[in-house]
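>>> How does the following fold in three dimensions:
(chains A, B, C and D)
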There are 2 protein chains.
Amino acid sequence: MERAALELFVEQGFTETTVPQITARAGLTTRTFFRHFADKREVLFTVEEEFPALVSGLMADTPASLSPMALIAQGLEIIAVTRFEGQREYLRTRRAVIQADEGLRERELRKLSVLSEAIRLGFRNRGVDELTSTLAAQIAVTVFNVAVSRWLDQDGEQPLSDLVHDTLRALRSVTTDPAEQTHAASSIPWTS
Amino acid sequence: MERAALELFVEQGFTETTVPQITARAGLTTRTFFRHFADKREVLFTVEEEFPALVSGLMADTPASLSPMALIAQGLEIIAVTRFEGQREYLRTRRAVIQADEGLRERELRKLSVLSEAIRLGFRNRGVDELTSTLAAQIAVTVFNVAVSRWLDQDGEQPLSDLVHDTLRALRSVTTDPAEQTHAASSIPWTS
DNA sequence: CGCCACGACGACATTGCGTGTCATCGCTAT
DNA sequence: ATAGCGATGACACGCAATGTCGTCGTGGCG
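Down below sits the predicted model:
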């Protein structure tokens, strides 16, 4: 059913595709569709559903000595290799469909928000304070999202894990403001 | 009309409130509602509509010598003082309504995404590279959002601008991982 | 003064999403 | 064999959202 839906979305767009059309192609009825998915958008996000639980498990099984940033770097690396690498083409078409519709972009943001919340709780369970947990969780999601976006944009030469670490480096570079450093690199490091 | 809608949402919830109910209280018809708002959710987000343009203007009128983080600190400070300070009670009830409904939270995330995109373009127009612009924009929105959340939670003693700067400090503290610093503070600085 | 162009609103019809309810089918355990 | 149970089909329905047309000011211009 997810397959039938994605096909139709690619062929004629999300809004132009009606739920009866999807169920007809899948050989089911309209009512059955809404027994499996809360609404029409959810049919594209069944994969993401396992991520929060996966992340929770990962964070619980990691030595408590790791600092938040080190944990993020390691966790994103694992997710990248085990769940994304090799799915590039599928993820590209899926992203194209989502980016083409406002409602789907909205739903994707919600999924990221849920994931961020799971990460935040993961940090809290490790004894990290509330503020740090919230910020670290948001950062993790942001960095991973930017890295995946860059990964899907380019022609597949750089592996996702490289881009994750590169994005993390860029983030550190942005937050460590040279105006507050003793050895500022240059006066215009922000141009290009 | 925004007023009638907010009242009804507080009284009986968002989902339980129907558009005809809103228009009836406002003395208009259902069709007129959708001439002013794209959908039922939008009635709560007319305020946010001006933010992207405001931010664009602010970023264009700022000396080019400022680094991204310095610009963010200054910009958030201005927004906090001119658009939020003094609106605390209204923002609290509005947040309560939004947090109570999945669809409204979703829409709020979209508004933040649009704002982030405007900030990203603001950085790009200042000559900042793509990656830095994207990360800085997301960081700005995240930090401000966390700060506002903290501001609405507490009893109004700390001004929002203080919380913004405090949240920025916390962010720098998270991203500058002690594991990569020469003078690590302690082995367990993440607990509490 | 009269006319008209234009924007805002009302009234009506229509489509599609999402839900409630009940009947039916197939599978499994005892 | 049958009783139970989960998944599905078959309606019916409320509401969101859009298209279309008619109406009512309001304000400019001859």
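
>>> What are the boundaries of the helices in chain A?
With DSSP state H, the ranges of helices along chain A come out as A:2-12, A:19-26, A:30-36, A:51-60, A:68-79, A:88-99, A:102-125, A:130-153, A:160-175.

>>> With mean neighbour count, distance to B:Glu42 and mean pLDDT as new columns, can those be given to me in JSON lines?
Every C-beta, even on glycine, is put in place using the N, C-alpha and C of the backbone. As requested, these are arranged in JSON lines below (neighbours: other C-beta atoms under 10 Å in any protein chain shown; distance: least, C-beta to C-beta, whole Å; pLDDT from 0 to 100):
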{"stretch": "helix A:2-12", "mean neighbour count": "16", "distance to B:Glu42": "24", "mean pLDDT": "97"}
{"stretch": "helix A:19-26", "mean neighbour count": "16", "distance to B:Glu42": "24", "mean pLDDT": "97"}
{"stretch": "helix A:30-36", "mean neighbour count": "13", "distance to B:Glu42": "25", "mean pLDDT": "98"}
{"stretch": "helix A:51-60", "mean neighbour count": "16", "distance to B:Glu42": "29", "mean pLDDT": "97"}
{"stretch": "helix A:68-79", "mean neighbour count": "20", "distance to B:Glu42": "35", "mean pLDDT": "98"}
{"stretch": "helix A:88-99", "mean neighbour count": "14", "distance to B:Glu42": "21", "mean pLDDT": "97"}
{"stretch": "helix A:102-125", "mean neighbour count": "19", "distance to B:Glu42": "12", "mean pLDDT": "98"}
{"stretch": "helix A:130-153", "mean neighbour count": "21", "distance to B:Glu42": "25", "mean pLDDT": "98"}
{"stretch": "helix A:160-175", "mean neighbour count": "20", "distance to B:Glu42": "33", "mean pLDDT": "98"}
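
>>> Return the backbone torsion pair for A:Val128.
For A:Val128, the backbone dihedrals are phi -80, psi 140 (criterion: degrees, to the nearest 10).

>>> so it touches A:Ala136, yeah?
Yes: using C-beta atoms under 8 Å, A:Val128 is in contact with A:Ala136, at 7.2 Å.

>>> can you list the residues of chain A near DNA strand C?
Residues of chain A found near DNA strand C (C-beta under 7 Å from any atom of the strand) are A:Thr17, A:Thr18, A:Val19, A:Pro20, A:Thr30, A:Arg31, A:Phe34, A:Ala38, A:Asp39, A:Lys40, A:Arg41.

>>> per-residue pLDDT, the second one?
Pointing back at A:Thr18 there. On the pLDDT scale, A:Thr18 is placed at 98.

>>> what about it, how many residues close to it?
The local packing of A:Thr18 (other C-beta atoms under 10 Å in any protein chain shown) involves 13 other residues.

>>> Roughly how far does the residue most central in space within chain A sit from A:Glu7?
The C-alpha lying nearest the average C-alpha coordinate of chain A belongs to A:Asn145 (C-alpha atoms, centre = their mean; 4.8 Å). For A:Asn145, the distance to A:Glu7 (C-beta to C-beta, to the nearest Å) stands at 26 Å.

>>> Same question for A:Phe14.
Distance of A:Phe14 to A:Glu7, given as C-beta to C-beta: 12 Å.

>>> Within range of DNA strand D, give me the residues from chain A.
Counting by C-beta under 7 Å from any atom of the strand, the residues of chain A lying close to DNA strand D are A:Gly27, A:Leu28, A:Thr29, A:Arg31, A:Thr32, A:Arg35, A:His36.

>>> Recalculate using a threshold of 10 Å.
Chain A has residues A:1, A:15, A:23, A:26-36, A:103 near DNA strand D, with proximity defined as C-beta under 10 Å from any atom of the strand.

>>> okay, among the residues you listed, which ones form the most distant pair?
A:Gly27 and A:Gly103 (26.1 Å; C-beta to C-beta).

>>> sorry, back to before: is it true that the residue nearest to the centre of chain A touches A:Leu112?
Yes: taking C-beta under 8 Å as the definition, A:Asn145 is a contact partner of A:Leu112 at 6.6 Å.

>>> export the helices of chain A to a markdown table and tack on distance to B:Gly156?
Compiled in a markdown table, the helices of chain A are given as follows (distance: least, C-beta to C-beta, whole Å):
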| stretch | distance to B:Gly156 |
| --- | --- |
| helix A:2-12 | 47 |
| helix A:19-26 | 47 |
| helix A:30-36 | 44 |
| helix A:51-60 | 34 |
| helix A:68-79 | 30 |
| helix A:88-99 | 40 |
| helix A:102-125 | 25 |
| helix A:130-153 | 19 |
| helix A:160-175 | 29 |
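
>>> Quick one, which of the ones you listed gets closest to B:Ser149.
The closest of these to B:Ser149 is helix A:130-153. By C-beta to C-beta, the value is 8.3 Å.

>>> Whether the closest one contacts chain B - can you check?
Yes: Helix A:130-153 reaches chain B (C-beta under 8 Å from any C-beta of the partner chain) through A:Leu131, A:Thr132, A:Thr134, A:Leu135, A:Ala136, A:Gln138, A:Ile139, A:Thr142, A:Val143, A:Val146, A:Arg150.

>>> For A:Ala96, give me its contacts.
Taking C-beta atoms under 8 Å, 6 or more residues apart in numbering or on different chains as the contact definition, A:Ala96 lies against A:Val10.

>>> where's it relative to DNA strand C, distance?
Per C-beta to the nearest atom of the strand, to the nearest Å, A:Ala96 is found 20 Å from DNA strand C.

>>> repeat for A:Leu160
Taking C-beta to the nearest atom of the strand as the measure, A:Leu160 falls 32 Å from DNA strand C.

>>> Kindly report the same for A:Val164.
A:Val164 sits 33 Å away from DNA strand C, going by C-beta to the nearest atom of the strand.
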